[in-house]
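what's the 3D shape of this:
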Amino acid sequence: MILQTEYLLAYFEESNINPFITIAILLGLLAVGVFVLNLIRNSKIKIFKKIKKFAKGLLEGMRSILKMKQKGAFLFHTLFIWLMYICMFYALIFTVPETSGLPFGVVLLAFVVGSFAISATNGGIGVYPIAIGASLMLFGISKQGGEAFGWITWGTQTLLIIIVGGLSFLFLPIYNRKK
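Below is the predicted model of the structure:
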């Protein structure tokens, strides 16, 4: 979003949205988030204890990277996978005429929005294209064009995961048997 500040400010101006009020609302949401985190951290309520246990498990998983034998290879492959996702996302902007002239920063913003949409639902089904379309509307792309791009992107990424996952399912037992 920082890379696209000028576009966002122009959108706010076009839509008569006061950026200061928006920032105040975001700061208010941040304060509520900090309050909720403190409530979870210090609470004795069963559901909050489960959330706390889940968060500790996530942190423990992230810390386990530091204890890995080949952490450099793990980090390289993680970054490589994300880079390939971004490249695939960028290559697909040329499939919809409206999106073919988008700058890389806009594409990156739509990619991040799509990542949140995928994490919010099971594989992003339905929500992903709508989120991509909404984010691209900020930059003058029609709702239909943005959502078409979102559906194409979601469909190709899902198909890639199914194909590569299926191949891995078939070939990993053969590969591991040789070891």
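
CA atoms for contacts and neighbours, from now on please.
Will do.

Leu138 and Glu6 touch, don't they?
No - using C-alpha atoms under 8 Å as the test, Leu138 is too far from Glu6 to be in contact (11.3 Å).

Please say which of these two ends up with more neighbours.
The neighbour comparison of Leu138 against Glu6 (other C-alpha atoms under 10 Å) goes to Leu138, with 16 against 11.

The more buried one: what's it in contact with?
If you count contacts by C-alpha atoms under 8 Å, 6 or more residues apart in numbering, Leu138 has them with Tyr7, Leu8, Tyr11.

For Gly124, state which of those residues is nearest.
Leu8 (24.7 Å; C-alpha to C-alpha).

That closest one: which element?
According to DSSP states H and E, Leu8 maps onto helix 5-14.

What are the buried residues along that helix?
For helix 5-14, a neighbour-count test (16 or more other C-alpha atoms under 10 Å) marks Leu8, Tyr11 as buried.

other SSEs contacting that helix?
Here helix 5-14 touches no other helix or strand, going by 3 or more C-alpha pairs under 8 Å, 6 or more residues apart in numbering; DSSP states H and E.

Can I get it in CSV, CA atoms only?
Taking Å, rounded to 0.1, in the frame of the first residue of the first chain, the C-alpha atoms of helix 5-14 are listed here in CSV:
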residue,chain,number,x,y,z
THR,A,5,0.1,6.0,-1.8
GLU,A,6,-0.5,8.5,-4.7
TYR,A,7,-3.2,6.2,-6.2
LEU,A,8,-4.9,5.7,-2.9
LEU,A,9,-4.9,9.4,-2.0
ALA,A,10,-6.3,10.1,-5.5
TYR,A,11,-9.0,7.5,-4.8
PHE,A,12,-9.8,9.0,-1.4
GLU,A,13,-10.1,12.5,-3.0
GLU,A,14,-12.4,11.2,-5.8
